[in-house]
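**Q** coords please:
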Amino acid sequence: MAKSFFKIILFFLIVLSTNLSLAQTEKEVAPPYNIKTVSFVQNNQNVVPIFGLGSGFQFQFDDLFGNEANYYYEIIHCDYNWAPSNIQKNEYLQGFDNQRIQNYSNSLNTLQIYSHYNLSIPNQFTQQLRLSGNYILKILNEDKEVVFSRKFMLYEDIATVPLQIKRARNVSVIEYKHNLDFSVKSSTITFQNPIKNIKVRLIQNGNFNSEIKDIKPQYTIGNDLIYKYDTETQFWAGNEFLYFENKDIRIASNNVARIDSSTDIYNCYLHTNNARANFPYTQFGDINGNFVVKNTNATNNEIEADYAWVYFSLSAPTYRLDKDIYINGMFNNYSLTPDYKMDYNEKKGIYEKAVLIKQGFTNFKYVVADNKKTIDNTNAIDGNFYQTENEYLVLVYYKENTGRYDRIIGKGTANSLNIIN
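**A** The predicted structure follows:
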C-alpha cells in the first residue's frame, strides 16, 4: 500500500511540475477596450519590435479614459519558446523596471479624449538592456496587475543571414506561396552542434502569429548553415493589404465613402470591399500591414490626432465556410479578439464591423479563422498570389553547449519584390 501511495504522490508531482512549466510560457495579453494605438516606435516610425542590442526605442499607447492613470512597466527576458529565462534581472537589465511611466500627456483639440503614454528604453531608471534575445514588456496598473503585454526582440550583429525569396517548388502551390532560402554565416562564432544549438524564427510582415519556427539546418558547408527546404520554409503569399486614409478626419478621401459628424466623434464609412480571391492579382502599394498616425491639421500627431469609428464592410457572396472573419493589421497587433470579428448582415448580404481607430493611414486585411483562432490561409478571403509584395525576416538564435540563454546573433531581411522563379 505504501508503494502505491508513493506512486500516486509521484504522479501528482509530475503533473504539477508539468503544469507549472507550461504556465511559465509568456503570451501576449491583449489590451482592454480603453487601450488603443499600441506601438513600438523608432526614428519616429511605427516598427516591428526587433531592435539591435544597445539601440533605443519608444513604446507608446493611448488610454481612452483620459484620466492620467498610473501605469508601470516590467521587462522579462525569455528563451526561444517565450518561457522566462534563468537569467537574473540584474544580469540582463542595468537599473530597474517596475517603475511608473512618467512621460504622458492629454489629447489636445480632439473629440475623443485620451491620455498618451510614451515609455523610452533606455531611460533614467532602465539604463540598458544588456543581453540579446526575446523579451516581454508588461504594462501594469497601480495594483501591479497586468493590463496588457507585448513581445520584442534584441539582436546582436555577429552573424549574417543571406536571404532569398523564391516561388514554391511544389507545382500545386507555385502560384500561391513564397519559399525562403537562406543561410547562416559567422566569422566570429564556430557553431557547436548547430542541429541542437541553432534555432531560427521566420516572420512575414511583422506578424508573430504566423511565424515559422523550429527549423533545423538542412546541411552545413564548413561553418555555414544552409536552409534550402521545399515546404518547411514556405508562407502563403496572401494579397496586398487594403488601406484607408483619414488624415483630414472631416473629408472623405482614399477609400472612405462618407463621413458622419452627427455623433460625439466622427464616423468614417469605408467603401465596401469585395473578396479578391477569385479576381486577378492587382498590384498597388502598401506598407505591409503597418499604420501611420497623422492629422494634417496638427503639429503633434501623438496627442492631436483624433479617433473615429471606422465602418468596415466586406462582400464575399461565395464564402460558405463555417468560420469567422476578422479585420487584421499592425494597428491591432494582428489580433483575433471579438473587437475585430465581423458580423454578417443578412439584409445587406455583407459582413460589417465598426472599429475605433486613430486617424491617419492604416493598412488592414481580412482573415478567416476557426473557433480556436487558427487562421485558414488556404481559403483566404483575398486569395494568395505569388506576385504579392511581402517583407520577410529571419532571426537566428544560438545557445552554446554551456550557454544559459538563447542569444539572437543575426537578422536577415528580404522583400518578395525581388522574387526568384
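**Q** switch to C-alpha atoms for all contacts and neighbour counts from now on
**A** Fine.
**Q** give me the residue at the spatial middle of the protein.
**A** residue 207 (4.1 Å; C-alpha atoms, centre = their mean).
**Q** contacting residues around that one?
**A** Contacts for residue 207 (C-alpha atoms under 8 Å, 6 or more residues apart in numbering) come out as 330, 333-334.
**Q** try it again with 7 Å
**A** By C-alpha atoms under 7 Å, 6 or more residues apart in numbering, the contact list for residue 207 reads residue 334.
**Q** and it, backbone torsions?
**A** phi -100, psi 100 (degrees, to the nearest 10).
**Q** before we move on, what about residue 304?
**A** The phi/psi pair for residue 304 (degrees, to the nearest 10) is phi -110, psi -10.
**Q** before we move on, what about residue 196?
**A** phi -90, psi -40.
**Q** tally up the residues packed near it, please.
**A** Residues lying near residue 196 (other C-alpha atoms under 10 Å) number 13.
**Q** let me see the mean pLDDT of stretch 52-65.
**A** Regarding stretch 52-65, the rounded mean pLDDT is 97.
**Q** can you give me the end-to-end span of it?
**A** 34 Å (C-alpha to C-alpha, to the nearest Å).
**Q** which residues does it contact?
**A** 34-42, 113-122, 132, 154-156.
**Q** mind giving me the ChimeraX command for buried ones among those residues?
**A** A single ChimeraX command selects the buried members of the contacts of stretch 52-65 (16 or more other C-alpha atoms under 10 Å):
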select :35,36,37,38,39,40,41,42,113,114,115,116,117,118,119,120,121,122,132,154,155,156
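**Q** out of the contacts of stretch 52-65, list just those in strands.
**A** 35-42, 115-121, 154-155 (DSSP state E).
**Q** for residue 327, give its distance to residue 333.
**A** Taken as C-alpha to C-alpha, the span from residue 327 to residue 333 is 11 Å.
**Q** residues near residue 297, how many?
**A** 12.
**Q** grab the nearest non-local neighbour of it.
**A** Nearest residue to residue 297 in three dimensions, chain neighbours excluded: residue 248, at 7.2 Å (C-alpha to C-alpha, 6 or more residues apart in numbering).
**Q** so the one you found touches residue 298, yeah?
**A** No - assessed by C-alpha atoms under 7 Å, residue 248 is found out of contact with residue 298, at 9.8 Å.
**Q** from the chain's centroid, how far away is stretch 100-110?
**A** 25 Å (C-alpha atoms, centre = their mean, to the nearest Å).
**Q** go on, stretch 369-377?
**A** That offset, for stretch 369-377, works out to 17 Å (C-alpha atoms, centre = their mean).
**Q** before we move on, what about stretch 59-77?
**A** Worked out by C-alpha atoms, centre = their mean, stretch 59-77 lies 19 Å from the chain centre.
**Q** what do you get for stretch 221-232?
**A** The answer for stretch 221-232 is 26 Å, by C-alpha atoms, centre = their mean.
**Q** and that stretch, C-alpha only, in PDB?
**A** In PDB, the C-alpha atoms belonging to stretch 221-232 read as follows (Å, rounded to 0.1, in the frame of the first residue of the first chain):
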ATOM      1  CA  ILE A 221      29.300  23.700 -45.700                       C
ATOM      2  CA  GLY A 222      32.200  24.400 -43.400                       C
ATOM      3  CA  ASN A 223      30.800  26.800 -40.800                       C
ATOM      4  CA  ASP A 224      27.900  27.900 -43.000                       C
ATOM      5  CA  LEU A 225      24.400  26.600 -42.200                       C
ATOM      6  CA  ILE A 226      22.200  26.100 -45.200                       C
ATOM      7  CA  TYR A 227      18.400  26.100 -45.300                       C
ATOM      8  CA  LYS A 228      17.000  25.100 -48.700                       C
ATOM      9  CA  TYR A 229      13.800  23.300 -47.900                       C
ATOM     10  CA  ASP A 230      10.900  22.700 -50.300                       C
ATOM     11  CA  THR A 231       8.000  23.000 -48.000                       C
ATOM     12  CA  GLU A 232       9.100  23.700 -44.400                       C
END
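**Q** what does it rub up against?
**A** 169, 181-185, 190-191, 217-220.
**Q** any buried residues in that stretch, and which?
**A** By 16+ other C-alpha under 10 Å, the buried positions in stretch 221-232 come out as 224-229.
**Q** farthest pair in these?
**A** 224 and 229 (15.6 Å; C-alpha to C-alpha).
**Q** circling back to that earlier point, what number of residues lie near the residue nearest to residue 297?
**A** 17.
**Q** could you do the one 5 residues further on as well?
**A** Applying other C-alpha under 10 Å, we find 16 residues neighbouring residue 253.
**Q** how about residue 98?
**A** Neighbours of residue 98 using other C-alpha under 10 Å come to 16.
**Q** what sits against it?
**A** Applying C-alpha under 7 Å, 6+ apart, the residues contacting residue 98 are 72-74.
**Q** then residue 200?
**A** Contacts of residue 200 by C-alpha under 7 Å, 6+ apart are 213-215, 394-397.
**Q** could you rerun that using 6 Å?
**A** Contact analysis of residue 200 by C-alpha atoms under 6 Å, 6 or more residues apart in numbering lists 213, 395-397.
**Q** one more: residue 406?
**A** Applying C-alpha under 6 Å, 6+ apart, the residues contacting residue 406 are 79, 397-399.
**Q** mind checking pLDDT for the residue nearest to residue 297?
**A** On pLDDT, residue 248 comes in at 95.
**Q** same question for residue 211.
**A** 96.
**Q** thinking it is in contact with residue 203, fair?
**A** Yes - here residue 211 lies in contact with residue 203, judged by C-alpha atoms under 6 Å, at a distance of 4.8 Å.
**Q** I'd like to know how far the closest residue to residue 415 other than its chain neighbours sits from residue 293.
**A** Nearest residue to residue 415, sequence neighbours excluded (C-alpha to C-alpha, 6+ apart): residue 391, at 4.7 Å. Residue 391 sits 21 Å away from residue 293, going by C-alpha to C-alpha.
**Q** these two: which is more packed in?
**A** residue 293 (21 against 18).
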